[in-house]
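Trainee: Compute the structure for the input listed below.
(one chain, ligands or ions: 2)
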Amino acid sequence: MIKVQDLKKVFKPNITAVNSVSFELERGEIGCIIGTSGCGKTTTLKMINRLIEPTSGKILVGGDDALSVDAVSWRRKIGYVIQKAGLLPHLNVKDNISLLSKIMHKEKNFIESRVEELMEIINMPYAQFKDRFPIELSGGQQQRVGIARALMEDPPVLLMDEPFGALDPITRNSLHEEFWNLNEKLHKTIIIVTHDMDEAFKLGHKIILMHKGDIVQVGNKADFLERPANQFVEDFIKGQVHE
Ligand SMILES: Nc1ncnc2c1ncn2[C@@H]1O[C@H](COP(=O)(O)OP(=O)(O)OP(=O)(O)O)[C@@H](O)[C@H]1O
Ligand SMILES: [Mg+2]
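Mentor: Ligands and ions are numbered 1, 2, ... in the order given. Purely as a prediction, here's the structure:
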């Protein structure tokens, strides 16, 4: 479903944010990209969405080559939840969620019912929350609205940059549960960036550990716990790698 091959981003001659990243995800799979701050996670995600143009490499989604089509239309096929929810402060919840559909001139009735349906899914009742502005929501609620916004056009692929970051453990756990149930229903192919190995173990069918622009290991929980690729992986799992 998603195949990334030798993806590279050199911002300046002395800044290689992503050196060589390759991985594959099947339809319905969740991949978690994890690694220390500055290792190239956000840059990788933005290249897949073509918010950043890769220096070289290949991105295939369902057989389509990302780099051979127009960037704007590509981006509309892929849901993107940016780091820190990124809601527009001057728009209420309903308008934040439906922004892209409005830009695409979707029919009013469709927009209305889709927003209502999504707010059901994220567990924020429409009547209660639709007119609220981001500042009137908790951090966790803002992150949920960010997720609903990314789902509005029902994209087959969802990219999420630390969608559960900066939450207390209780809210985070309940959002994990909701998210897991959601994907059982929706069957999207999802990439989640996280700092948290427990979160990656919990949500990721596949875990992609990065360090300084390269992938150190790709695998599932058992691979990481029983067959760590090297000392860095072992130390990372033990929480001994600090940023
Ligand atoms: N526009 C840019 N121009 C130059 N360098 C950049 C740019 N964006 C990111 N970088 C650098 O590229 C590297 C990777 O950045 P990136 O944002 O991908 O890291 P990250 O893994 O997402 O980190 P974090 O966990 O802190 O969000 C960093 O060293 C960063 O300083
Ligand atoms: Mg980042």
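
Trainee: Return the residues of this protein in contact with ligand 1.
Mentor: Within the chain, the residues that sit near ligand 1 (Cβ under 6 Å from any ligand atom) are 11, 15, 17, 37, 38, 39, 40, 41, 42, 43. Every C-beta, even on glycine, is put in place using the N, C-alpha and C of the backbone.

Trainee: how about residue 177, secondary structure?
Mentor: Put simply, residue 177 is helix when judged by DSSP: H, G, I helix; E, B strand; the rest coil.

Trainee: Report the residue ranges of every domain in the protein.
Mentor: Following automatic domain parsing, the chain resolves into domains at 15-77+155-243, 89-154.

Trainee: possible to save the ones you listed as a markdown table with mean pLDDT and mean neighbour count?
Mentor: Shown next, in a markdown table, are the domains of the chain (pLDDT from 0 to 100; neighbours: other Cβ atoms under 10 Å):
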| stretch | mean pLDDT | mean neighbour count |
| --- | --- | --- |
| domain 15-77+155-243 | 91 | 17 |
| domain 89-154 | 92 | 17 |
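
Trainee: need those domains in JSON lines with distance to residue 4, can you?
Mentor: Below are the domains of the chain laid out as JSON lines (distance: least, Cβ to Cβ, whole Å):
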{"stretch": "domain 15-77+155-243", "distance to residue 4": "6"}
{"stretch": "domain 89-154", "distance to residue 4": "19"}
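
Trainee: ok now stretch 213-229, how far from the chain's centre?
Mentor: 20 Å (Cα atoms, centre = their mean, to the nearest Å).

Trainee: no no, stretch 89-97
Mentor: What separates the centre of stretch 89-97 from the centre of its chain is 20 Å, taken as Cα atoms, centre = their mean.

Trainee: for stretch 110-130, same thing?
Mentor: The answer for stretch 110-130 is 21 Å, by Cα atoms, centre = their mean.

Trainee: ok, and what's touching it?
Mentor: Stretch 110-130 is contacted from outside by 92-94, 97-98, 101-102, 137, 141, 144-145, 147-148, 151-152, 178, 182, using Cβ atoms under 8 Å, 6 or more residues apart in numbering.

Trainee: The residue most central in space within the chain: what's it in contact with?
Mentor: Geometric centre of the chain, nearest residue: residue 160, 1.3 Å, by Cα atoms, centre = their mean. Listed by Cβ under 8 Å, 6+ apart, the contact partners of residue 160 are 80, 81, 147, 150, 190, 191, 192, 193.

Trainee: repeat that for 7 Å
Mentor: With contacts taken as Cβ atoms under 7 Å, 6 or more residues apart in numbering, residue 160 has the following neighbours: 81, 190, 191, 192, 193.

Trainee: before we move on, what SS does it have?
Mentor: At residue 160 the chain is in strand, as set by three-state DSSP.

Trainee: Next: the one 10 residues further on.
Mentor: Under the three-state scheme (three-state DSSP), residue 170 adopts helix.

Trainee: how much space between the closest residue to residue 202 other than its chain neighbours and ligand 1?
Mentor: In space, and not counting its chain neighbours, residue 202 is closest to residue 176: 6.0 Å by Cβ to Cβ, 6 or more residues apart in numbering. Residue 176 is 19 Å from ligand 1, where distance means Cβ to the nearest ligand atom, to the nearest Å.
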